[in-house]
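Novice: Task: produce atomic coordinates for the following.
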Amino acid sequence: MGEHEVGRLIYLMLLGVVLLSYLLVSNRARLGAMLRGALLWGLIFLGVAVGAMLWQDVRGDMGLTRAVSFGDGRVEVPRDGSGHFFATLQVQGVPVRFIVDTGATDVVLARSDALRLGLDPDHLVYSGQARTANGTVRTARITLDEVTLGDFTDRGLRAWVNEGEMDYSLLGMGYLERFERVEISRDRLILFR
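Specialist: Got it, this is the predicted structure:
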């Protein structure tokens, strides 16, 4: 659960406490019946809150953010419900979901994705450093033999494995610069070659 989701959950819990306190004070005479009703509504409220938080994961799993390739030298990546662009690339034959990050200099793999690609993050040489919003992290340089997005395949792509924990691998400028043009049009990121 991310930082924003925790904040929302805390806000909703405080709102629930305030409402419950009001109900208890205003209905002291019918306390038993009111508590049963409040418990039922509390469970319904909790179920809706959890469902709303999980909806982004469900949408991503359903493939709603897949890139669409066209024969005219372009690939379109739709924006997902969180406002980000996610693209699933075939990296050495393995599907890896990346968040497109124009603020990242290079392609950075999360440890979990590095493991899926057959790399052992515990045995890499972490000789680099990256400054992130969460502070400085150590990175290990690797080369990805083959990376495919839509109809485009690149070979020998320089990338880094982040020693710290990341929710998603980052598709940074080291990859995006391989395209002739990158543009955002409404809710689509369009890559041209």
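
Novice: and the helix or strand hosting Val25, C-alpha only, in PDB?
Specialist: Following DSSP states H and E, one finds Val25 within helix 3-26. Output of helix 3-26 as PDB, limited to C-alpha atoms (Å, rounded to 0.1, in the frame of the first residue of the first chain):
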ATOM      1  CA  GLU A   3       1.800   6.500   0.900                       C
ATOM      2  CA  HIS A   4      -1.300   8.100  -0.600                       C
ATOM      3  CA  GLU A   5      -3.500   5.100   0.000                       C
ATOM      4  CA  VAL A   6      -2.400   5.000   3.700                       C
ATOM      5  CA  GLY A   7      -3.300   8.700   4.000                       C
ATOM      6  CA  ARG A   8      -6.700   8.100   2.400                       C
ATOM      7  CA  LEU A   9      -7.300   5.200   4.700                       C
ATOM      8  CA  ILE A  10      -6.500   7.200   7.800                       C
ATOM      9  CA  TYR A  11      -8.700  10.100   6.600                       C
ATOM     10  CA  LEU A  12     -11.600   7.700   6.100                       C
ATOM     11  CA  MET A  13     -11.100   6.000   9.500                       C
ATOM     12  CA  LEU A  14     -11.200   9.400  11.200                       C
ATOM     13  CA  LEU A  15     -14.300  10.400   9.300                       C
ATOM     14  CA  GLY A  16     -15.900   7.100  10.400                       C
ATOM     15  CA  VAL A  17     -15.000   7.700  14.100                       C
ATOM     16  CA  VAL A  18     -16.600  11.200  13.900                       C
ATOM     17  CA  LEU A  19     -19.800   9.900  12.400                       C
ATOM     18  CA  LEU A  20     -19.900   7.000  14.900                       C
ATOM     19  CA  SER A  21     -19.400   9.300  17.800                       C
ATOM     20  CA  TYR A  22     -22.300  11.500  16.600                       C
ATOM     21  CA  LEU A  23     -24.600   8.500  16.200                       C
ATOM     22  CA  LEU A  24     -23.700   7.200  19.700                       C
ATOM     23  CA  VAL A  25     -24.400  10.600  21.400                       C
ATOM     24  CA  SER A  26     -27.700  11.200  19.500                       C
END
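
Novice: Counting by contacts, list what it packs against.
Specialist: Under the contact definition 3 or more Cβ pairs under 8 Å, 6 or more residues apart in numbering; DSSP states H and E, helix 3-26 sits against helix 31-61. Quick note: C-beta positions are derived from backbone N, CA and C, even for glycine.

Novice: Distance from the chain centre to the helix holding Val25, please.
Specialist: 27 Å (Cα atoms, centre = their mean, to the nearest Å).

Novice: need the contact list for Ala110.
Specialist: Taking Cβ atoms under 8 Å, 6 or more residues apart in numbering as the criterion, Ala110 is in contact with 162, 165-169.

Novice: any idea how far it is from Tyr168?
Specialist: When Cβ to Cβ, to the nearest Å is the yardstick, Ala110 and Tyr168 sit 6 Å from each other.

Novice: swap in His4?
Specialist: 15 Å.

Novice: Neighbour count: these two, which is higher?
Specialist: In terms of neighbours (other Cβ atoms under 10 Å), Tyr168 is the more surrounded of His4 and Tyr168; the figures are 19 against 10.
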